[in-house]
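Participant: Need coordinates for the following:
(one chain, ligands or ions: 1)
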Amino acid sequence: MTDGGRCEVRPAPQQEKVDKGRRRFLWVTGGLGLAWLGLSAYPVYRYIAPRPAPDPFGKEGRAAVNKVAPADVAAPGSGANGSYGQRGCIVFRTTQGELRAFDSKCTHAGCNVNFAGDRISCHCHGGVYDFEGKNVAGPPPRPLTPLSVFEENGVLYVAPAEKKQEV
Ligand code: FES
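Facilitator: All right, here's what the predicted structure looks like:
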């Protein structure tokens, strides 16, 4: 056929039908392939994606301190490292007799700090905190996370510092 001097080539009606069928097949298989890819990738994403840490205080809003008994911190100036949930903590009694606790995760690079009698120290890079949890020497950029601590039926518990409970 000619259209103003140009030659137009039209596919045969049979060929057009075949092309439509092919296109539809490609769209359907492409869509199914994408859906399959999405469904397959989701479990991998769930495995790789970071999950929020579980609340160490649980529904009760408090957690038992492991490895530190009330007797371990009965004397003024005594202290010990323990744990609550899956986290570390230090519990100590000041020379004035006040029971205190901090999360033991150093604010520099996350090592566990230790109660060292006259200070709280981090062995990784020499960080030092005072008994208020304040960073006083070395690289730690922030104070330790304070915890409230109390004894109940011979067990020490810690809770978020905002929920202060009496000892
Ligand atoms: S991790 Fe504690 S001072 Fe570096």
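
Participant: quick one, phi/psi of residue 145?
Facilitator: Note on residue 145: its backbone torsions stand at phi -80, psi 120 [degrees, to the nearest 10].

Participant: Now do the same contact list for it.
Facilitator: Residues in contact with residue 145, defined by Cβ atoms under 8 Å, 6 or more residues apart in numbering, are 102-103, 105, 133, 161. C-beta: built from backbone N, CA, C; applies to glycine.

Participant: and the gap between the residue nearest the centre of the chain and residue 84?
Facilitator: Taking Cα atoms, centre = their mean, the centroid of the chain lies closest to residue 53, which sits 3.8 Å from it. Here residue 53 is placed at a distance of 13 Å from residue 84 (Cβ to Cβ, to the nearest Å).

Participant: how far does stretch 7-21 stretch from start to finish?
Facilitator: The straight-line separation of the ends of stretch 7-21 (Cα to Cα, to the nearest Å) is 27 Å.

Participant: Mean confidence (pLDDT) on it, please.
Facilitator: Taken as a whole, stretch 7-21 carries a mean pLDDT of 79.

Participant: Work out the gap between it and the centre of the chain.
Facilitator: Taking the mean of its C-alpha atoms, stretch 7-21 sits 60 Å from the chain's own mean (Cα atoms, centre = their mean, to the nearest Å).

Participant: I'd like to know how far the residue nearest to residue 117 when sequence neighbours are not counted sits from residue 161.
Facilitator: Sequence neighbours aside, residue 77 is the residue nearest to residue 117 in space, at 6.9 Å (criterion: Cβ to Cβ, 6 or more residues apart in numbering). Noted for residue 77: a distance of 22 Å to residue 161, by Cβ to Cβ.

Participant: Which stretches in the protein count as helices?
Facilitator: Secondary structure of the chain (DSSP state H): helices at 13-48.

Participant: and it, which residues reach the ligand?
Facilitator: Counting by Cβ under 6 Å from any ligand atom, the positions of the chain adjacent to the ligand are 106, 108-109, 111, 122, 124-125, 127, 138-140.
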